[in-house]
Structures are given as C-alpha cells and as structure tokens.
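Undergrad: coords below, sequence missing:
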C-alpha cells in the first residue's frame, strides 16, 4: 500500500493509495498507545480484499496520484502539499523521534518519510504487496527509471525552511531506509514475529481503512499494528474520512468509510490517548485540546517472508 493516497495499498492486501474523490477530503491525525488482540478476521472478506489487490499496479498508481494535476504544489488548497505540511510540522515539534520508525503499508511511495528521516536513525518500510516492496527497493538503490520524487523533496525542504539542498535529504532518506519488509496487518504478528526492540514510532498513511473490509477489521488491524510499538511510543495516522474507494490503474479498490467517531472508538478501545487533528485542504488542520501521542493513518499488508535489507 501507499503512504498517502492518497492511501496506498497494503494490509491483508497490499498498499493504500491517496484519497479518492469519492470520499470526504478531510484528513485525520490521531494518537494512541498500545493495543490488545481481537478476534480473527473472517477469511472470506479478507480473501476478497486480497484478490482485489492482485490487480494493483504501482506504476499506474504513482502516475495517477503523484503527477500533475493531483501533485499540484501551487497551493495548500490541494491535498499533496497539505499532507506534506502536516507531516513536516508534526515532526518539527520534536515530540516524535527515536531510533526506529516503522512505516506501515508504505506502498510504492516515500513522500510520507521525507520529514521523518531527520528524526530517526533507522526507517523500516513495509507493505503487503511484493510489487510495492520491489518499487521501493529500486528507488532506494537509485536504479534508473524509478519514479521521480524530486518535486516532493524540494517542496518539503521549502516547508522546513532550513536551506538544505534537496539532494541531501534524498541521500539521507535512502541511507536510513534500511529495511523493506512484508506485513499483514490482519495477523496478530503483522511482521510474522515480534520486533526486538519494539519501534519508537509507527507511521501509517491512508492504509488501514483501505485494507479492512469493515470497521471492526479496522480496529483489529490497529491493535495488531500497535504490538510493534514500544510502551510510550507514538503512532502517527493519516487518513481520509468518508472515503469509499480509490483507483490504482485498472483496480477500483474499496475503502471502509470511517467517521471521526469510528477512529476515536478504535483508539479508545485500545486505551490509547489520541491527539486528533483534522482539516480540509482549504483550512489545513487544527489541533484539538488532547494531549499525548499523534497518529495518522496508513495500511497493512500480508505474508511473512524475507525482507529486503538495503
């Protein structure tokens, strides 16, 4: 899946993509703490989701969602610069930092990691789909013909305002994105085995809602993902409210249409402490009075096999 869709495909599926016009373009930021393990997901629903993601084409997804007119940096009325600023300002607070960050359901995208890479020594990308993991690996290795993320990197450098050459940020992210692993958020052990030590932070953008057949499955996936996080760590979730589907090439992929209350309930049931930030591209986002970790939303994947060490 992808780290921003809008959502990218992942989870029992693959990766999630950017939010589609079918949904409410409001985004949510949330926070939480740790989660118990719920009932297993019905295999029939999960199988149908996985079958749909077999048609996921990362190149088509990137072209559809990360080139103009969708990737328009001219105004923060548009979702792409809005997402980049949300992430930049969140990490600039200095609240979310540490040794290891896991990106849950990265899809074939890296934009969601551009600000994070300055605050963590190691970044672990994950996705359910092998094609997405392969696409990420090609970018990290600098192979010819990979997607050109330089407009995104330049824009993030501009937002951050440190005068850093964009090539330096690109180099840093490639150096710190050390592992690309398969993940299935619908399994109690999403990576196939416990992570030692647990991650200091998790990031997930437009994924969990894109790889879950219903709200209950979304809550379970959130609980499974939380098992990767150390006590007191941070989960950053970025997602769309009310979205029902998105497009990735020939694939029309369903999304669970979540309301703010659904996300709050999922976090509250896990005893996480949310810091909810919500906004539309026209208003950006506002900070609620909540304290504690910040989350955003991303998706899960499946399977356990050797990860790609880079």
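TA: Great, that's in hand. Since the structure is predicted, the reported quantities are computational estimates derived from the model, not experimental observations.

Undergrad: packing partners of the helix or strand where residue 236 lies?
TA: Per DSSP states H and E, residue 236 falls inside strand 229-241. Strand 229-241 sits against strand 24-30, helix 79-92, strand 199-205, helix 260-268, with contacts defined as 3 or more C-beta pairs under 8 Å, 6 or more residues apart in numbering; DSSP states H and E. C-beta: built from backbone N, CA, C; applies to glycine.

Undergrad: following element in sequence after that strand, please.
TA: Using DSSP H and E, the helix or strand that directly follows strand 229-241 along the chain is strand 245-248.

Undergrad: so for that following strand, mean pLDDT?
TA: Mean pLDDT, computed over strand 245-248, is 80.

Undergrad: returning to what we had before: pull out the buried residues from the strand holding residue 236.
TA: Within strand 229-241, the residues that count as buried by 16 or more other C-beta atoms under 10 Å are 229, 230, 233, 234, 235, 236, 237, 238, 239, 240, 241.

Undergrad: swap in stretch 150-163?
TA: Counting neighbours by 16+ other C-beta under 10 Å, one finds that the buried residues in stretch 150-163 are 151, 152, 153, 154, 155, 156, 157, 158, 159, 160.

Undergrad: tell me how far that stretch is from the chain's mean position?
TA: A distance of 20 Å separates the C-alpha centroid of stretch 150-163 from that of its chain, computed with C-alpha atoms, centre = their mean, to the nearest Å.

Undergrad: likewise for stretch 242-251?
TA: Mean-position distance between stretch 242-251 and its chain equals 16 Å (C-alpha atoms, centre = their mean).

Undergrad: repeat that for stretch 127-139.
TA: Remark: stretch 127-139 is offset 14 Å from the chain centroid, using C-alpha atoms, centre = their mean.

Undergrad: picking up where we left off before, neighbouring strands - and their directions - for the strand holding residue 236?
TA: Under the criterion DSSP bridges, strand 229-241 sits next to strand 24-30 (antiparallel), strand 199-205 (parallel) in its sheet.

Undergrad: which stretch in the ones you listed is the model least sure about?
TA: When I compare the strands paired with strand 229-241, strand 24-30 is least confident, with a mean of 33.

Undergrad: after that one, next one along is what?
TA: Per DSSP H and E, the first helix or strand lying C-terminal to strand 24-30 is helix 43-53.

Undergrad: mind listing what's buried along the helix or strand that comes right after that following helix?
TA: Note on helix 43-53: by DSSP H and E, the next helix or strand toward the C-terminus is helix 58-65. Residues of helix 58-65 classed as buried by neighbour count (16+ other C-beta under 10 Å): 58, 61, 62, 64, 65.

Undergrad: what's the answer for stretch 210-218, then?
TA: In terms of neighbour count (16+ other C-beta under 10 Å), stretch 210-218 has its buried residues at 210, 211, 212, 213, 215, 217, 218.

Undergrad: over to the closest residue to the last one other than its chain neighbours. Which of the three states is it?
TA: Same thing as residue 218. Counting by C-beta to C-beta, 6 or more residues apart in numbering, residue 218 lies nearest to residue 212, which is 4.1 Å off, once chain neighbours are set aside. Of the three states, residue 212 takes coil under DSSP: H, G, I helix; E, B strand; the rest coil.

Undergrad: go on, residue 70?
TA: Using three-state DSSP, the structure places residue 70 in coil.

Undergrad: alright, I will stop here.
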